[in-house]
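Q: What follows is a predicted structure for the sequence shown.
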Amino acid sequence: MEVEKEIIESLSDRKTLLSVREVAKSIQYSEPLPTGWKPPLAIRSRSRKVCENIRKKRRILVDGEDIPPPISNFKDMRLPEPILKKLAEKGILKPTPIQVQALPVILSGRDMIGMAATGSGKTLAFVLPIIMMAIQEEYMMPILGREGPFGLVICPSRELAKQTYDVVEEFVECMRKYNNYPAIRSMLCIGGVDMRSQLEILERSVHIVVATPGRLKDMLAKKKMNLDNCRYLVLDEADRILDLGFEDEIREVINYFRDQRQTLLFSATMPKKIQTFARSALVKPVIVNVGRAGAASLNVIQEVEYVKQEAKFLCLLQCLQKTPPPVLVFSESKADVDNIHEYLILKRVEAVSIHGGKENEERQHAISSFKAGRKDVLVATDVASKGLDFPNIQHVINFDMPDQIENYIHRIGRTGRCGKTGISTTFINSRQSETTLLDLKHVLIEAKQRIPPVLAKLSDETEVAFDNARQFKDCANCGGLGHSIQSCPKLERQNIQLAARYMSHNFGTGGFKAEF
Ligand SMILES: Nc1ncnc2c1ncn2[C@@H]1O[C@H](COP(=O)(O)OP(=O)(O)OP(=O)(O)O)[C@@H](O)[C@H]1O
């Protein structure tokens with residue numbers, strides 16, 4: 001544990017979530033931002049024991065100081081009437097466990113790290129408060145042309161940003177019909193879209209922006225947008241954002257905040273490394289955890305098949321017979337995605353595909369036709385694995401097992417969402433490293449799934465580690481259960497990349513820099 005602590009500390013870079021000004025002037029905020037929201041008196045006066053019982057029943061784990069009480073229904077959260085009606089219209093009648101605790105925490109103005117399984121309703125947990133906050137701010141002081149936003153949501157992919165923006169718009173739209181609420185405007189700020197249309201919206205002022213890091217940084221640098229009034233920052237799929245090479249972008253974005261902000265980090269997977277450094281940069285944060293961060297959704301039946309490389313296409317066709325559509329097929333490489341797509345079309349399967357090499361329009365078209373049920377199969381790289389909420393996916397097929405177990409958790413989490421059950425089938429073979437297979441084996445053990453013989457016979461030194469509280473003990477760097485941080489393959493790769501970056505920065509690609 002000592003070694004683990006040392007390694008995590010050496011990896012932690014708390015500066016990512018602090019602005020240069022805050023670091024340079026050692027500015028430290030000691031109190032969370034106040035909000036006008038309070039739970040009803042009956043809930044405020046609940047004893048600690050009652051709150052603990054509610055959390056225990058819903059398997060909510062919390063950590064932090066002065067944690068706001070959990071609230072088990074939307075009405076007591078004092079959400080505006082149109083929002084309550086819209087929720088009911090959508091069949092959302094009771095908050096999910098993460099919402100029970102996260103909504104009161106966020107509405108109280110607290111910084112938060114929220115972790116809960118895929119498909120457990122994390123999006124609404126930060127979207128509803130952002131709308132409430134925008135209404136409140138607009139009442140106090142309406143924004144004028146080119147002012148705003150008050151709230152900013154950052155997502156790791158364009159598709160996820162678009163989906164989150166649609167959720168924001170849906171709820172904002174339902175309030176527009178009522179005269180007694182101010183009009184709230186939101187904007188989608190992603191690459192691959194004509195910047196002019198985004199600038200037109202900004203001209204009229206905007207309350208909520210949902211963005212991907214690259215385009216956001218671009219807009220801020222060109223002074224097309226500012227964060228002077230922004231006081232609410234959400235990083236959705238935060239571990240992916242902070243771990244995917246977006247750190248520099250995020251740090252630059254944070255530099256544009258003028259004052260203290262409420263910072264919220266959400267994900268289904270959040271290795272301790274990220275939790276540790278995020279925690280140290282947040283103000284009196286509350287950690288809300290439903291289940292182990294990084295555990296698979298228990299609503300997914302996970303099947304694993306040993307399939308030789310050359311037999312994969314045939315197996316895929318057979319596998320597609322297991323359930324009715326819609327089905328998602330994942331593969332790590334863009335070339336494989338193209339090949340699988342081509343093969344399926346040849347076999348007369350109604351398939352579409354997306355990966356990072358495709359034009360934005362093509363990606364949006366594939367997603368929308370799949371979501372609308374016009375296509376039966378979506379073949380994708382991991383761009384589609386994080387956060388995307390496709391309705392009623394019956395089956396997720398992993399054409400290959402991803403190297404990183406977090407990606408596996410996110411991929412299979414596209415099915416079995418919000419109480420429904422789904423199946424995942426994963427093809428493995430001798431190409432996978434033993435560490436990856438051990439991580440997979442332990443995810444299956446934890447979720448009480450059948451262990452195929454090929455995985456059962458793998459034995460390891462950690463043999464499903466537990467911590468003091470008999471909880472599954474995961475690698476602090478990547479969340480894998482099959483190894484410790486000392487033998488984390490991802491850490492090894494990160495170190496090699498870091499060393500390479502250092503070498504090229506200091507020595508260039510050839511020869512020495514003048515000062516050497
Ligand atoms: N309280 C609720 N009751 C019923 N359905 C809900 C509730 N909250 C959200 N949902 C629905 O559940 C689905 C999944 O929610 P969401 O996309 O927010 O999951 P998530 O936790 O963000 O998953 P991921 O980790 O994959 O991003 C959505 O279709 C959403 O409308």
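A: Perfect, I can see it now. The model shown is predicted, which means the values in this text are computed figures rather than measured ones. Residues are numbered from 1 along each chain as shown.

Q: residues of stretch 87-102 that come out buried?
A: By 16 or more other C-beta atoms under 10 Å, the buried positions in stretch 87-102 come out as 87, 92, 95, 96, 97, 98, 99, 100, 101, 102. C-beta coordinates here come from the backbone N, C-alpha and C atoms, glycine included.

Q: And for stretch 145-162?
A: Within stretch 145-162, the residues that qualify as buried are 147-162, counting by 16+ other C-beta under 10 Å.

Q: any idea how far residue 166 is from the residue of the stretch 151-300 of the chain found nearest the ligand?
A: For the stretch 151-300 of the chain and the ligand, the shortest gap (C-beta to the nearest ligand atom) falls at residue 268, measuring 3.9 Å. Per C-beta to C-beta, to the nearest Å, residue 268 is found 20 Å from residue 166.

Q: Going by how many neighbours each has, rank these two and give me the top one.
A: Higher neighbour count among residue 268 and residue 166: residue 268, with 28 against 13, using other C-beta atoms under 10 Å.

Q: okay, and for this structure, where does confidence drop off?
A: Scanning the chain with the threshold set as pLDDT under 70 gives 1-2, 4-15, 244, 460-472, 497-498, 500-516.

Q: can you list the residues of it near the ligand?
A: Taking C-beta under 6 Å from any ligand atom, the part of the chain that reaches the ligand is made up of 92, 94-96, 99, 116, 118-124, 268, 387, 389, 413, 417-418.

Q: Looking at the residues you listed, which are in strands?
A: Among those, DSSP state E puts residue 116 in strands.

Q: Tell me who's in contact with residue 385.
A: Shown in contact with residue 385 (C-beta atoms under 8 Å, 6 or more residues apart in numbering): 330, 407, 410, 411, 413, 414.

Q: And it, its phi and psi?
A: Main-chain dihedrals, residue 385, degrees, to the nearest 10: phi -90, psi -20.

Q: Now do the same contact list for the closest residue to residue 394 other than its chain neighbours.
A: Among residues not flanking residue 394 along the chain, residue 323 sits closest, at 3.9 Å (C-beta to C-beta, 6 or more residues apart in numbering). When contacts are counted by C-beta under 8 Å, 6+ apart, residue 323 touches 394, 395, 423.

Q: Also residue 153?
A: Going by C-beta under 8 Å, 6+ apart, residue 153 touches 126, 127, 130, 161, 164, 168, 208, 209, 210, 211, 234, 236.

Q: Go again with 7 Å.
A: By C-beta atoms under 7 Å, 6 or more residues apart in numbering, residue 153 lies in contact with 164, 210, 234, 236.

Q: Residue 439 now?
A: Residues near residue 439 by C-beta under 7 Å, 6+ apart: 405, 480, 481, 482.

Q: CSV please, covering those residues and showing secondary structure and neighbour count.
A: As requested, these are exported to CSV (DSSP: H, G, I helix; E, B strand; the rest coil; neighbours: other C-beta atoms under 10 Å):
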residue, secondary structure, neighbour count
405, helix, 28
480, coil, 28
481, coil, 25
482, coil, 26
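
Q: and which of those is nearest to residue 139?
A: When the contacts of residue 439 are ranked by distance to residue 139 (C-beta to C-beta), residue 405 comes first, at 45.9 Å.

Q: Tell me how far residue 24 lies from residue 410.
A: Distance, residue 24 to residue 410, using C-beta to C-beta: 36 Å.

Q: for stretch 432-439, which positions count as buried?
A: 432, 435, 436, 437, 438, 439.

Q: Show me the contact partners of stretch 300-319.
A: With C-beta under 7 Å, 6+ apart, stretch 300-319 has contacts from 296, 329, 340, 343, 347, 397, 399, 412, 415-416, 421-429, 431, 440, 444, 447, 449, 452, 454-455.

Q: Sort out for me which of those are in helices.
A: 340, 343, 412, 440, 444, 454, 455 (DSSP state H).

Q: ok, which pair from those residues is furthest apart?
A: Once C-beta to C-beta is applied, these give 343 and 444 as the farthest pair, at 28.4 Å.

Q: who's in contact with the residue nearest to residue 417 when sequence neighbours are not counted?
A: The spatial neighbour of residue 417 that comes closest, neighbours along the chain excluded (C-beta to C-beta, 6+ apart), is residue 119 at 2.9 Å. For residue 119, the contacting residues are 297, 413, 416, 417, 418, by C-beta under 7 Å, 6+ apart.

Q: neighbour-wise, which of the residues you listed leads?
A: residue 413 (27 neighbours).
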